[in-house]
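Novice: Here is my input, please return the structure:
(one chain, ligands or ions: 2)
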Amino acid sequence: MKLNKILVAAVAVVALTSACFAQTMSHGKNFYNPKPINRFPNTKSGRLVLVGDFHTHTEWGHGGLSVEDRIADAYNWGMDILAITEHGNIQGAVANTPADSKWLPKDAKHYTPMINDDGIVMPRQPMDLHKIAIPLAKKYGIIYFPGVETGIAGKEHIVAFNIPKDYKSDAYDHWLAEDPGQGEAVYYRDRFKELCSDGGFMIYVHPHYGYAREHVQWGVDNNYIRGVEVHNGSTSGQENEEWGATNGEVGWRWYGSFDYALKHNIGIYANTDAHGDKGPTFTLVLAKERTHESVMEACNELRTVGYFDNMLWGRERDVDDIISACVDVEKIKLDSNLTMVRIGNKSPMEMSVSVLDRDIVIPPYNNVLVRNETGRKNVTVTFKNVWTSEKTRLIKRY
Ligand SMILES: [Zn+2]
Ligand SMILES: [Zn+2]
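Specialist: Ligands and ions are numbered 1, 2, ... in the order given. Predicted structure coming up:
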């Protein structure tokens, strides 16, 4: 009898899992629309500019897309790298006990407690969103990272990816305790250590809770938190003022995050946090090769750049490496009095520049001729949409 119940439950789980494969989800109006090309040429130092998103959700958490559609959407956006980072626990919001359910988002679709007649909790079921995601991503040529989103209850959120293969989160991963011995929740320092053992990489996401508290600083100082989102596609913008975005020189942004990354020597990330269709927010990864190992090497060397709203936010070393390969300047002498300057843009961005006392926009993959009326021999270009800190832009001399 007991065994029968267990079998029935197991069969139900398998049926539910296969149903997910067959399910046709309803998509937002942009799901199948052609997406802009986001290919940057290899950098001057010979690195590939891989296009990544390290923070996304699916219906296994409280997102609206199935795992299959999340990966298809990433493919349609031309992504090289994707991480699915569900709240709850690494496998997705799958609860093993009724008590677990209180940690789950109310609309989590995969809440499937398995309890036998004696009220004993079954071992974790073979439901793991990454088991669906890994082979699919491989099929579509996407470098995939199992990830998880956790953090301090009601406060700072953390995304971890490249988490150890044998990492088994317990049922209370959803939120962590600020202090040791706070009920059932795991002490955040213990979880940070665990997530980062064996190559796990953590970033502070939508940093609406600021930088003043010891929790993030402890994570950064001890090399657990290795990056911060300077842009989050779901929570930046005026409509999300309550999430801490403030209005400034380039609109509603997470001001403070970029300079925090530079000051504390951590990576710069721009992720969608997409729950439904993805949007045009990318982390560019300057990797030597298109492999998991190379991506992690680049993350560890902090060679990541935020690309969103037609801007690059990154360390001067990295944006200079990208722009040097994207933009070329040629001086064409027509006669002794007239020199023209051709500026070529091999990037998918509209390049907004100040050059020869003019403000010019060079469309993606295009060239512009500018008459040099200044008499200057050297051409200085200020890249108005390429930021090297919150106050400085990339300037190059040709
Ligand atoms: Zn979050
Ligand atoms: Zn999220």
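
Novice: tell me the contacts of the residue nearest to residue 329 when sequence neighbours are not counted?
Specialist: Closest residue to residue 329 apart from its sequence neighbours, by Cβ to Cβ, 6 or more residues apart in numbering: residue 398 at 3.9 Å. To be clear about C-beta, it is placed using only N, CA and C from the backbone, and glycine gets the same treatment. Applying Cβ atoms under 8 Å, 6 or more residues apart in numbering, we find residue 398 in contact with 329, 331, 378-381.

Novice: quick one: which of those is nearest residue 343?
Specialist: When the contacts of residue 398 are ranked by distance to residue 343 (Cβ to Cβ), residue 329 comes first, at 5.4 Å.

Novice: so what's the closest one up against?
Specialist: Residues near residue 329 by Cβ under 8 Å, 6+ apart: 341-344, 379, 381, 398.

Novice: Repeat that for residue 42.
Specialist: Residue 42 makes contact with 48-49, 325 under the criterion Cβ under 8 Å, 6+ apart.

Novice: and what of residue 366?
Specialist: Taking Cβ under 8 Å, 6+ apart, we find residue 366 in contact with 344-345.

Novice: 7 Å - rerun?
Specialist: Going by Cβ atoms under 7 Å, 6 or more residues apart in numbering, residue 366 touches residue 345.

Novice: For it, give me phi and psi.
Specialist: Main-chain torsions, residue 366, degrees, to the nearest 10: phi -140, psi 170.

Novice: what's the spacing between it and residue 280?
Specialist: 19 Å (Cβ to Cβ, to the nearest Å).

Novice: try residue 222
Specialist: In this view, residue 222 and residue 280 are 34 Å apart by Cβ to Cβ.

Novice: higher neighbour count, these two?
Specialist: Neighbours were counted for residue 222 and for residue 280 using other Cβ atoms under 10 Å; residue 280 has more, 15 against 12.

Novice: ok, which residues in the stretch 101-250 of the chain are in contact with ligand 2?
Specialist: Counting by Cβ under 5 Å from the ion, the stretch 101-250 of the chain comes close to ligand 2 at residue 149.

Novice: Just list whatever residues bridge to the residue in the stretch 101-250 of the chain positioned nearest to ligand 2.
Specialist: Closest to ligand 2 within the stretch 101-250 of the chain is residue 149: 4.8 Å, counting by Cβ to the ion. As for beta bridges, residue 149 partners with residue 87, residue 159 under DSSP bridges.

Novice: Was I right to think it contacts residue 161?
Specialist: No - using Cβ atoms under 7 Å, residue 149 makes no contact with residue 161, being 9.9 Å away.

Novice: Overlap of the contact sets of the two?
Specialist: Shared contacts of residue 149 and residue 161 (Cβ under 7 Å, 6+ apart): residue 85.

Novice: Now, of the contacts of residue 398, which are buried?
Specialist: 329, 379, 381 (16 or more other Cβ atoms under 10 Å).

Novice: will you turn those residues into JSON lines that also has pLDDT and secondary structure?
Specialist: JSON lines is the format used below for the buried ones among the contacts of residue 398 (pLDDT from 0 to 100; DSSP: H, G, I helix; E, B strand; the rest coil):
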{"residue": "329", "pLDDT": "97", "secondary structure": "strand"}
{"residue": "379", "pLDDT": "96", "secondary structure": "coil"}
{"residue": "381", "pLDDT": "98", "secondary structure": "strand"}
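
Novice: Closest one to ligand 2 out of those, please.
Specialist: Nearest to ligand 2 among the buried ones among the contacts of residue 398: residue 381, at 37.2 Å, using Cβ to the ion.

Novice: can you pick the most crowded of the contacts of residue 42?
Specialist: residue 49 (24 neighbours).

Novice: what are the phi and psi angles of it?
Specialist: With angles defined as degrees, to the nearest 10, residue 49 sits at phi -100, psi 90.

Novice: So for it, what's the nearest residue that isn't a sequence neighbour?
Specialist: The spatially closest residue to residue 49, leaving aside those adjacent along the chain, is residue 40, at 3.8 Å (Cβ to Cβ, 6+ apart).

Novice: how near is that neighbour to ligand 2?
Specialist: For residue 40, the distance to ligand 2 equals 26 Å [Cβ to the ion, to the nearest Å].

Novice: Between residue 149 and residue 161, which has more neighbouring residues?
Specialist: Each of residue 149 and residue 161 has its neighbours counted (other Cβ under 10 Å); residue 161 has more, 27 against 24.

Novice: so that one makes contact with residue 55?
Specialist: No - in this structure residue 161 lies outside contact range of residue 55 using Cβ under 7 Å: 8.6 Å.

Novice: Now do the shared contacts for these two.
Specialist: The contact sets of residue 161 and residue 55 overlap at 83, 85 (Cβ under 7 Å, 6+ apart).

Novice: and residue 30, how many residues sit next to it?
Specialist: Using other Cβ under 10 Å, residue 30 has 14 other residues around it.

Novice: How many neighbouring residues does the closest residue to it other than its chain neighbours have?
Specialist: Distance criterion Cβ to Cβ, 6+ apart; nearest residue to residue 30, sequence neighbours excluded, is residue 277 at 5.2 Å. Using other Cβ under 10 Å, residue 277 has 20 other residues around it.

Novice: pLDDT weak spots in the protein?
Specialist: Judged by pLDDT under 70, the chain has its weakly predicted residues at 1-26, 88-127, 165-174.

Novice: re earlier: would you say the residue nearest to residue 49 is within a strand?
Specialist: No - read with DSSP: H, G, I helix; E, B strand; the rest coil, residue 40 is coil and lies in no strand.

Novice: Name the residues of stretch 376-394 that are buried.
Specialist: Buried residues in stretch 376-394, counting neighbours by 16+ other Cβ under 10 Å, are found at 379, 381, 383-388, 390, 393-394.

Novice: Show me where the stretch 251-398 of the chain has its helices.
Specialist: Here the stretch 251-398 of the chain has its helices, by DSSP state H, counting those that start in this stretch, at 257-264, 292-300, 316-326.

Novice: And the residue of this protein closest to ligand 2?
Specialist: Per Cβ to the ion, residue 273 is where the chain lies closest to ligand 2, at 4.3 Å.

Novice: and the closest residue to that residue other than its chain neighbours, what element?
Specialist: The shortest distance from residue 273 to any non-neighbouring residue, by Cβ to Cβ, 6+ apart, is to residue 234 (3.9 Å). Counting by DSSP states H and E, no helix or strand carries residue 234.
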